[in-house]
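# no sequence for this one, just the structure:
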């Protein structure tokens, strides 16, 4: 069985400060992991993905995530938040590799960025 | 560069009415899927298809039907709408090699 838990439903940061959005996963197989971002009234857009290559994955807009197998985590970080980062972020796991199997979505973390 | 196109963007129905949400993709992806998004619930899979003529149920299939007659199109049918189906619906197609999902912009459905 596979599952994904986003540990915070809401994170608030000040512009220019670091962002940390936490995600833990559970999978019987070697997982593929994704982070998606959803801006208000929009569809979801891929930020970055891990598919068993480098454990530190760099994505768009300065975001990155580190796959830690021992901790079953895939936390999303950004050194300096920008107002345009305010959105909802979803951690997603696929147990059977990136191209197969269904994807399981976390419940989302809403990121607020204060000026 | 259309990607995934969903229509309509907004719809209001009365309980018991039927309707179809349309989804089309122009990326030649074999895998397509429908999700519903409700506050605090993330995205939940309704139905999916791994190719033309093949469909299967996801996590929350009750009250919804799908068909896949072509690679491009994957419509979602509500046979008898209920207030519990008030939600935002997303269609997505998936690139086989990378597993990346490409989403439509969503269809906001209200059932009165």
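Now that the structure is in, tell me what you want to look at. Small disclaimer: the values here were computed from a predicted structure and weren't measured.

# does the residue in chain B that chain A sits nearest to count as helix, strand or coil?
Chain B approaches chain A most closely through residue B:99 (2.6 Å), counting by CB to the nearest CB. C-beta: built from backbone N, CA, C; applies to glycine. Here residue B:99 is recorded as coil under DSSP: H, G, I helix; E, B strand; the rest coil.

# any idea how far the residue nearest to residue B:83 when sequence neighbours are not counted is from residue B:59?
With CB to CB, 6 or more residues apart in numbering or on different chains as the criterion, residue B:83 has its nearest non-adjacent residue at 5.0 Å, and that residue is residue B:111. Here the criterion is CB to CB, to the nearest Å. By it, residue B:111 lies 20 Å from residue B:59.

# show me the contacts for the residue nearest to residue B:83.
Listed by CB atoms under 8 Å, 6 or more residues apart in numbering or on different chains, the contact partners of residue B:111 are B:12-15, B:81-86.

# Narrow those to those that are buried.
Those of the contacts of residue B:111 that meet the buried threshold are B:13, B:81, B:85-86, by 16 or more other CB atoms under 10 Å in any protein chain shown.

# Okay, and the beta partners of residue A:48?
Note on residue A:48: beta-bridge partners by DSSP bridges are residue A:35.

# ditto for residue B:13
Using DSSP bridges, the bridge partners assigned to residue B:13 are residue B:111.
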